[in-house]
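**Q** Sequence isn't available, so here's the structure alone:
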């Protein structure tokens, strides 16, 4: 019998809970798994709890890192109908961590990203005292440039994990397994930028494996801070002023890049 990892609303859900919290997680895991991506196996789910197969972790290694990069590229290439699309068949509320996540769909990545992935978190960040007025102004200015299409390209909507920080990347004896997605249709560079933001082990090896499967568009390294605006905004909304400062810095770098 498989060992079980159980999460409840008390320890994992948003304040007060929401009936869609674990349903959204399951929908995301299954949607990513449909692409062949390595994700945690769901054993049971209810409104109050989710049970996943327990995963024993091990040390990161280069072979697993390169295989994960290749799998990540394949997952992205599985695609999504539009930017902002929720997992197939799911029409409930999405979440990133404990915060609601929009599922409004767009044809333009830049407009979607600015309006639905950055701007919604600025007011709570200000109200929490984590974002200064000066930094908020810088972020809003960057959002206008992003929304105008300054970074739009011919890349189709990718099937992304959406919350791919190091804590959601588990190294096991069977390779990397992803947990806790905020899955939606987005830009593939966003997942990679989040891995970089929080310091994923062997990231260079992951990128190498990714590039061997689906090369990134030239200049992707310059756009990392653009794609970090979303996770920084989410963290600024509830995790301290250091994230607000980092968000302002990334916004100024994004604006400078857009004006080149």
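**A** Everything's here; your move. Being a predicted model, the structure only gives us computed values, none of them experimental. Numbers count the residues shown, from 1 in each chain.
**Q** could you pull out the strands for this protein?
**A** 4-8, 42-45, 49-53, 94-96, 99-101, 158-160, 169-172, 175-178, 184-186 (DSSP state E).
**Q** wait, isn't residue 58 in contact with residue 172?
**A** Yes - the criterion here is C-beta atoms under 8 Å, and residue 58 meets it with residue 172 at 6.0 Å. Bear in mind the C-beta positions are built from the backbone N, C-alpha and C, glycine included.
**Q** picking that back up, now for the strands of the chain, which one comes closest to residue 111?
**A** Taking C-beta to C-beta, strand 184-186 is the member of those nearest to residue 111, at 12.8 Å.
**Q** Contacts for the closest one, please.
**A** 79-87, 94, 101, 103, 105, 109, 112-113, 117, 157-160, 162 (C-beta atoms under 8 Å, 6 or more residues apart in numbering).
**Q** Quick one: mean pLDDT over it.
**A** Taken as a whole, strand 184-186 has an average pLDDT of 98.
**Q** for stretch 231-242, same thing?
**A** Mean predicted confidence for stretch 231-242 is 93.
**Q** Show me which positions of that stretch end up buried.
**A** 231-237 (16 or more other C-beta atoms under 10 Å).
**Q** Give me the subset of those lying in helices.
**A** Among the buried residues of stretch 231-242, DSSP state H puts 231-236 in helices.
**Q** Among those residues, which pair sits farthest apart?
**A** So, those by C-beta to C-beta: farthest apart are 231 and 236, at 9.5 Å.
**Q** Between the two ends of stretch 172-192, how far is it?
**A** The first and last residues of stretch 172-192 sit 20 Å apart, counting by C-alpha to C-alpha, to the nearest Å.
**Q** Could you pull out the buried residues of it?
**A** Result for stretch 172-192 [16+ other C-beta under 10 Å]: buried residues 175-192.
**Q** Please identify the most buried of the strands of the chain.
**A** Most buried of the strands of the chain, by mean neighbour count (mean count of other C-beta atoms under 10 Å): strand 184-186, with a mean of 27.
**Q** Please identify the pairing partners of that strand and their relative orientation?
**A** strand 158-160 (antiparallel) (DSSP bridges).
**Q** Average the pLDDT values over the strand it pairs with and round to the nearest integer.
**A** On average, strand 158-160 scores 98.
**Q** circling back: which one of the strands of the chain lies nearest to residue 219?
**A** Nearest of the strands of the chain (C-beta to C-beta): strand 158-160, 17.2 Å.
**Q** Can you turn the buried part of the contacts of strand 184-186 into a PyMOL selection?
**A** Buried residues among these (16+ other C-beta under 10 Å), as a PyMOL selection:
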select buried, resi 80+82+83+84+85+86+87+94+101+103+105+109+112+113+117+157+158+159+160+162
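**Q** Quick one: find the helix or strand in this structure with the lowest mean pLDDT.
**A** Lowest on mean pLDDT, DSSP states H and E among the helices and strands of the chain sits helix 9-12, with a mean of 60.
**Q** Would you mind giving the strands of the chain as TSV with distance to residue 150 added?
**A** Output for the strands of the chain, formatted as TSV (distance: least, C-beta to C-beta, whole Å):
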stretch	distance to residue 150
strand 4-8	39
strand 42-45	39
strand 49-53	39
strand 94-96	24
strand 99-101	23
strand 158-160	19
strand 169-172	30
strand 175-178	30
strand 184-186	17
